[in-house]
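K.L.:
sequence and predicted structure below; questions after.
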Amino acid sequence: MVLAFAPEEITRWQIYLVIGLVVLLAVFALLTVLLRIVRQIDVNVAATWEMAKRVAANTATTWQLHGTAAGLEELKKEALLHDELLASKL
C-alpha cells in the first residue's frame, strides 16, 4: 500500500503551512509588543509609587500649618509693637 498525495493536495498543504507560519509570526510579534507595553507600564507604576511616597512624606505634617500660622500672627504683632516702640523713641 503506497500513500501518495496528488499535486493539488501537496500545494494545499504548502499553503496551509505558509499560512500557519504567518500566523505564528504575527502572534510572536504581537506578544513581543505586549511584553514591551507591560514592561513600560511596570516602570511607570514604579515611578508613580515613588512619587506618591514623596507626596505622602511631604504632606504628613501639614496639620501643623494651622499652629504655625497662629505663631506667625503672634510674632507679627510683637514685631509691630517693637517697631512702634522704636519709632516713638526717635
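P.N.:
Right, received. Where do you want to start? Numbering: from 1, shown residues only.
K.L.:
need the contact partners of stretch 60-79.
P.N.:
Under the contact criterion Cβ atoms under 8 Å, 6 or more residues apart in numbering, stretch 60-79 has no outside partners. Any C-beta I mention is one placed from the backbone N, CA and C, and that applies to glycine too.
K.L.:
how far is stretch 59-66 from where the chain is centred?
P.N.:
Its chain's average C-alpha position is 27 Å from that of stretch 59-66, according to Cα atoms, centre = their mean, to the nearest Å.
K.L.:
quick one: end-to-end length of that stretch, please.
P.N.:
One end of stretch 59-66 sits 13 Å from the other (Cα to Cα, to the nearest Å).
K.L.:
now do the end-to-end distance for stretch 51-65.
P.N.:
Termini of stretch 51-65 sit 22 Å apart (Cα to Cα).
K.L.:
now it: average pLDDT?
P.N.:
What stretch 51-65 shows for mean pLDDT is 87.
K.L.:
how about the residue positioned nearest the centre of the chain, phi and psi?
P.N.:
What sits nearest the mean C-alpha location of the chain, by Cα atoms, centre = their mean, is Asn44, with 2.8 Å. Phi and psi for Asn44, reported as degrees, to the nearest 10, are phi -70, psi -40.
K.L.:
where's it relative to Leu31, distance?
P.N.:
20 Å (Cβ to Cβ, to the nearest Å).
K.L.:
ok so, going back, do you know how far the residue nearest to the centre of the chain is from Asn58?
P.N.:
Distance from Asn44 to Asn58, by Cβ to Cβ: 21 Å.
K.L.:
can you name every helix or strand that the strand or helix carrying Thr48 contacts?
P.N.:
Element membership for Thr48, per DSSP states H and E: helix 7-59. For helix 7-59, not one helix or strand is in contact under the criterion 3 or more Cβ pairs under 8 Å, 6 or more residues apart in numbering; DSSP states H and E.
K.L.:
quick check: next helix or strand after it?
P.N.:
helix 65-89.
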